[in-house]
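>>> Next come a sequence and a model predicted from it.
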Amino acid sequence: MNAAAKARAKRIAEMIRSARAKRSVFSIYSRVKDGAIDTYSAHLATGVYVNAVPTPEELTRSMNIWLGSQPTCFLTNDEVAAQSRQRLRNEHGTTHVIRDITPSVLNSMTAAERLALSNGSGLPDRFKLRIYSDDET
């Protein structure tokens, strides 16, 4: 990045931080993470606004578009990690061996799984029902 692009990126980052201070907590500027501001301003300075600094309206519009495609910019690192763990747990979850369908088992199911169970579709794949101790299936 050349000196002019660095200056534009710095100016764009200043505009975003200034808007964060002036606007409400629920504005698009306040919801974005601090670490994403510098990356986004460098992206704008080198790829989108290569000759000039955007107006506040253009900046708001481009942030809405960018943050719509980058939803993790709204979240903290802990929230991103929690979402990743939940996604992996859903995709590659462990099989729970149960002896009976108890209220605690029903509480661990999602609403869709409980509905499918009540409609006769059987247990979800993440549960394995073993009635007898020598039952292998």
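Thanks, I have it. Numbering: from 1, shown residues only.

>>> Now do the helix or strand bottoming out on mean pLDDT in the chain: everything it contacts.
The weakest-scoring helix or strand in the chain, judged by mean pLDDT, DSSP states H and E, is helix 77-91 (a mean of 82). Contact with helix 77-91 is made by T72, L75, as judged by Cβ atoms under 8 Å, 6 or more residues apart in numbering. Heads up, the C-betas are built off the backbone N, CA and C, glycines and all.

>>> so who does L59 touch?
L59 sits next to I12, M15, I16, A19, L44 when contact means Cβ under 8 Å, 6+ apart.

>>> Just confirm the first one is within a strand.
No: going by DSSP: H, G, I helix; E, B strand; the rest coil, the assignment for I12 is helix, not a strand.

>>> can I assume it is in contact with D38?
No: using Cβ atoms under 8 Å, I12 is not in contact with D38, being 9.5 Å away.

>>> more crowded one of these two?
I12 (24 against 14; other Cβ atoms under 10 Å).

>>> Give me the spatial nearest neighbour of the more buried one, chain neighbours excluded.
Using Cβ to Cβ, 6 or more residues apart in numbering and skipping residues adjacent in sequence, the residue nearest I12 is S41, 3.9 Å away.

>>> Tell me how far the one you found lies from K6.
According to Cβ to Cβ, to the nearest Å, S41 and K6 sit 10 Å apart.

>>> rewinding a little: how far out from the middle of the chain is the least confident helix or strand of the chain?
Chain-centre distance of helix 77-91: 9 Å, with Cα atoms, centre = their mean, to the nearest Å.
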